[in-house]
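1. sequence below, structure please.
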Amino acid sequence: MSIWFKNPTPAEANSKHEETLVANLGIKVTHVGEDFIVATMPVDERTIQIHGMLHGGASVALAETLGSYAANCCIDDTKFMCVGLDINANHIRSARRGKVTCMARPIHLGRTTQVWRMEINDENDKLICESRLTIAVVALES
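-> Take a look at the predicted model:
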């Protein structure tokens, strides 16, 4: 059973992020399933730190981007919006080239809060980073 209030598509997601940090980091949504969403990010000069490894902040930006976008697709965005309250990340392994893939799945979809889990893997499907994002569901002012 689908968790989406509206059915997101990769094209719609990517068009929303033009001319933002997301586009500058090369993050692209690639797949939407019934209860998950997937995006990729290159490991290149935009996303590495001085030692040539994927920057932890780039991993967190990928995780928060995907979790926040997914959270907003689970609510009626004419009445509510989702904003991040807290994010944590455990950096497990480094990546030096290629691209990483992030999958976001909900842990909790409540009326006032959501919790999302993001796993970031390298091209060999090795875990690079695991992150958890807590979201507040806030009513829009009328």
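2. mind checking the SS state of the nearest residue to I37 once chain neighbours are set aside?
-> Using C-beta to C-beta, 6 or more residues apart in numbering and skipping residues adjacent in sequence, the residue nearest I37 is A70, 4.7 Å away. Placement of C-beta: from N, CA and C, glycine included. Here A70 is recorded as helix under DSSP: H, G, I helix; E, B strand; the rest coil.
3. so who does A70 touch?
-> P8, F36, I37, A104, P106, W116 (C-beta atoms under 8 Å, 6 or more residues apart in numbering).
4. that one and F36, how far apart?
-> As judged by C-beta to C-beta, to the nearest Å, A70 and F36 stand 8 Å apart.
5. so what's the residue count around the residue lying closest to M1 once chain neighbours are set aside?
-> With sequence-adjacent residues excluded and distances taken as C-beta to C-beta, 6+ apart, M1 is closest to E34, at 6.7 Å. Neighbour count of E34, defined by other C-beta atoms under 10 Å: 8.
6. who touches E34 in this structure?
-> E34 touches M1, S2, I3, counting by C-beta under 8 Å, 6+ apart.
7. do you know how far it is from I3?
-> For E34 relative to I3 (C-beta to C-beta), the value is 7 Å.
8. who does the helix or strand encompassing Q114 pair up with?
-> Assigned by DSSP states H and E, Q114 belongs to strand 113-121. Applying DSSP bridges to the sheet, strand 113-121 is found paired with strand 99-109 (antiparallel), strand 127-139 (antiparallel).
9. save those strands as a markdown table, and put in mean pLDDT and mean neighbour count too.
-> A markdown table is the format used below for those (pLDDT from 0 to 100; neighbours: other C-beta atoms under 10 Å):
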| stretch | mean pLDDT | mean neighbour count |
| --- | --- | --- |
| strand 99-109 | 98 | 18 |
| strand 127-139 | 98 | 19 |
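10. mind putting those strands into JSON lines with distance to D77?
-> Output for these, formatted as JSON lines (distance: least, C-beta to C-beta, whole Å):
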{"stretch": "strand 99-109", "distance to D77": "15"}
{"stretch": "strand 127-139", "distance to D77": "11"}
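11. got the contact list for the closest residue to I120 other than its chain neighbours?
-> In this structure, I120 finds its nearest non-sequential neighbour in C129, 4.2 Å apart by C-beta to C-beta, 6+ apart. Counting by C-beta under 8 Å, 6+ apart, C129 makes contact with G56, S59, V60, A63, A89, N90, H91, I92, M118, E119, I120.
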